[in-house]
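Asks: using only what follows, build the 3D model:
(chains A and B)
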Protein chains: 2
Amino acid sequence: MIRTELCDRFGIEYPIFVFTPSEKVAAAVSKAGGLGVLGCVRFNDADDLEQVLCWMDENTDGKPYGVDVVMPAKVPQEGTAVDINKLIPQSHRDFVDKTLADLGVPPLPEDGDRNEGVLGWLHSVARSHVEVALKHPIKLIANALGSPPKDVIDQVHAAGVPVAALAGSAKHAQRHVDNGVDIVVAQGHEAGGHTGEIGSMVLWPEIVDALGGKAPVLAAGGIGTGRQLAAALALGASGVWMGSAFLTAAEYDLGHRRPGGTSTIQEGLLRATSADTVRRRIYTGKPARLLKTKWTDAWDAPDAPEPLPMPLQNILVSEAHQRMNESDNPDTVAMPVGQIVGRMNEIRPVADIIAELVSGFEEASRRLDDIRGN
Amino acid sequence: MIRTELCDRFGIEYPIFVFTPSEKVAAAVSKAGGLGVLGCVRFNDADDLEQVLCWMDENTDGKPYGVDVVMPAKVPQEGTAVDINKLIPQSHRDFVDKTLADLGVPPLPEDGDRNEGVLGWLHSVARSHVEVALKHPIKLIANALGSPPKDVIDQVHAAGVPVAALAGSAKHAQRHVDNGVDIVVAQGHEAGGHTGEIGSMVLWPEIVDALGGKAPVLAAGGIGTGRQLAAALALGASGVWMGSAFLTAAEYDLGHRRPGGTSTIQEGLLRATSADTVRRRIYTGKPARLLKTKWTDAWDAPDAPEPLPMPLQNILVSEAHQRMNESDNPDTVAMPVGQIVGRMNEIRPVADIIAELVSGFEEASRRLDDIRGN
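Replies: Numbers count the residues shown, from 1 in each chain, chains lettered A, B, ... in the order given. Down below sits the predicted model:
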């Protein structure tokens, strides 16, 4: 058993919150006793999100689930993709083209869809995600970029749904709670995606203490096993927020498949060690931890340009990401992932990952009892 | 109670190993039930170390203690200080002089000793430390830079003393054990001083699993409270290795004192947050986590030179460090410290720090019992 106050509050068996872009994984997590949180940023068209949430409603056996949006607190440059494209220097485009050619990345198939860049972190798009999501029986809206704007928090609260926000420092966490955020995700340096500089071991208890019980804290960054879950709860967290560890779940069906059945991205993840990540601005314009590949190496070379600010950088590299991730070569994928990737060495069903988290937690707790002489 | 196999092996009450350059702190740790480990790198003259170890023998009530040396596995550039000085470019010296002038750092007093640079990580000096230490009843020799050379390991083992070595990756840890090292200190990214890129939450269990019981693991990097100690043991460590948290111990008497009684360095540490560290090559030539100050900012400026390789960089900055640390201005100290500095907000006796570690561990373990429904 792993029971904290969040279990009763959300009607879940385990305080395990899993962020995932895959509705198959999100549904499996919820059915296994955790809370699946579907990442919305990949849905440039709100109608696609609507369809997927209808699928979730039909495939979660009435278990609770949530959604995750990417909404900067400050409104960034807005406009259509065409306007924004004009802000990208030609020299940056040339660097991307040359790098793809040097790395031998094949072009997209003639008849394939072109990815226009992730627009999900434009306010207008993220707001459409919130509106669509609130028509479904979601139990949580999380924002990957901190506090959403106040009117969005009010809108979500009016629907009776709590708001979670990621924080990389105690100051951010306090600000989120002041803004009305209900649950803080304390995300350490080890984490995949946007992450700060303070390691989980220091950050989690610091945020727990800074909030002093005003909001429960979910620990994120470096969690893949039950021992790490036990450490998070020992440090005062009320639950965990995981992401990377479920990218190699058997149910994860996004991405181009290789002959063996895994995706090119999964192949890259399976063979990576914990040393094979880098934290760079090249994915979105803000520092995010990524799988280290020949692509990230190219951006580390002396001739590489400085990454552009959000949202321009992702629009610049978006088609490149698509080309790399749809090839068969795991040396040149583009993927955010945390240092826990070193432990992601096999494809496992979601239920197995959750079962290990539970049994590993119990073992670790008993180990501490022995050490305590209890 | 906190009892692991290391308690019996070392005759200590708690598996808390504390690295400290202060013999006063080391002795107090050993008397409080942990293992004080005296850092030797500051002793350029082995006779000074001899005197201090005699003091330790007289002031530890027969409790066990250890020493820590800084010995690269590969023999670096050797020679007298005069020879090595010739390898330092004049442009680097000019940058240091200009920075000190810009920051208003006063010169050393006319009659003061000039620090020639820390020679303790030259092989000849570190070997003299080992020889002196082995004449005393030490219970551990740790090496801050990984495996010592094989003949040194043999020499230490012949005296019946175990060897510990710091590791920042599972590969390093395995190599240490293959080389005959008895105890591995798994040091995460959060740590002060020389440290790698993998966060403690990921690194500790990875090293524990990689060694598979062949050697006990001490967890280092981010530990300052009993909750963090509990997390370390939950993750499979057999004990903890701490350093930073004891720099603000009441017994710590090194460094220039300000009117209030604390040292200039302590004043800088007390007011720092967990965000106020940087990991840079500017202290020794290898990446080390340092207190962020106007001095580290100066080396981050676009006009700053690239740091020199070990041991040249420390020789370059050694007198600058001395000048800054002997001034009254905490804005311009030079000091390695981990991210746990954000929690070092008061001067406390060693016994109080140890007492909190013990009670905090017990509370965290009981908290997990409640969550487990035990």
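
Asks: scan chain A for its longest helix.
Replies: Counting residues, the longest helix in chain A under DSSP state H turns out to be helix A:350-372.

Asks: up against chain B, what does the stretch 51-200 of chain A have?
Replies: A:169, A:170, A:188, A:189, A:190, A:197, A:198, A:199, A:200 (C-beta under 8 Å from any C-beta of the partner chain). Where you see a C-beta, it was placed from the backbone N, CA and C, and this is true even at glycine.

Asks: circling back to that earlier point, and the longest helix of chain A, how far out from the chain middle?
Replies: 24 Å (C-alpha atoms, centre = their mean, to the nearest Å).

Asks: tell me if it is near chain B.
Replies: Yes - applying C-beta under 8 Å from any C-beta, one finds helix A:350-372 in contact with chain B at A:361, A:362, A:364, A:365, A:367, A:368, A:369, A:371, A:372.

Asks: specify the angle between that helix and helix B:350-372 in degrees.
Replies: 140 degrees (axes from the mean of the first three to the mean of the last three C-alpha atoms, to 10 degrees).

Asks: pull out the buried residues from helix A:350-372.
Replies: For helix A:350-372, a neighbour-count test (16 or more other C-beta atoms under 10 Å in any protein chain shown) marks A:350-351, A:353-354, A:356-358, A:360-362, A:364-369, A:371-372 as buried.

Asks: among the residues of the stretch 51-200 of chain A next to chain B, which two are most distant?
Replies: Spanning the widest gap among these are A:170 and A:190, at 17.4 Å by C-beta to C-beta.

Asks: please enumerate the helices of the stretch 251-374 of chain A.
Replies: Along the stretch 251-374 of chain A, the segments classed as helices by DSSP state H, counting those that start in this stretch run A:264-271, A:294-300, A:312-325, A:350-372.

Asks: who touches residue A:139 in this structure?
Replies: Applying C-beta atoms under 8 Å, 6 or more residues apart in numbering or on different chains to residue A:139 gives the contacts A:10, A:11, A:35, A:64, A:65, A:66, A:161, A:162.

Asks: and the residues you listed, which are buried?
Replies: Using 16+ other C-beta under 10 Å as the burial test, the contacts of residue A:139 include A:10, A:35, A:64, A:65, A:66, A:161, A:162 as buried.

Asks: narrow those residues to those in helices?
Replies: Of the buried ones among the contacts of residue A:139, the ones assigned to helices by DSSP H are residue A:10.

Asks: format the buried ones among the contacts of residue A:139 as a markdown table; extra columns: pLDDT.
Replies: As requested, the buried ones among the contacts of residue A:139 are exported to a markdown table (pLDDT from 0 to 100):
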| residue | pLDDT |
| --- | --- |
| A:10 | 98 |
| A:35 | 98 |
| A:64 | 98 |
| A:65 | 98 |
| A:66 | 98 |
| A:161 | 98 |
| A:162 | 98 |
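
Asks: residue ranges in chain A under the pLDDT threshold?
Replies: Counting by pLDDT under 70, the ranges of chain A that qualify are A:74-82, A:112-122.

Asks: domain assignment for it?
Replies: As assigned by automatic domain parsing, chain A contains the domains A:5-76+A:121-250+A:344-372, A:81-116+A:259-332.

Asks: just say which of the ones you listed is most tucked in.
Replies: Mean neighbour count (mean count of other C-beta atoms under 10 Å in any protein chain shown) peaks for domain A:5-76+A:121-250+A:344-372 among the domains of chain A, with a mean of 22.

Asks: can you check the distance spanned by that one, start to finish?
Replies: 25 Å (C-alpha to C-alpha, to the nearest Å).

Asks: from the chain's centre, how far out does that domain sit?
Replies: Distance, stretch centre to chain centre, for domain A:5-76+A:121-250+A:344-372: 9 Å (C-alpha atoms, centre = their mean).

Asks: and which of the contacts of residue A:139 is nearest chain B?
Replies: Checking the contacts of residue A:139 against chain B by C-beta to the nearest C-beta gives residue A:10 as the nearest, at 15.4 Å.

Asks: next up, the contacts around the closest one.
Replies: Counting by C-beta under 8 Å, 6+ apart, residue A:10 has contacts A:35, A:64, A:139, A:140.
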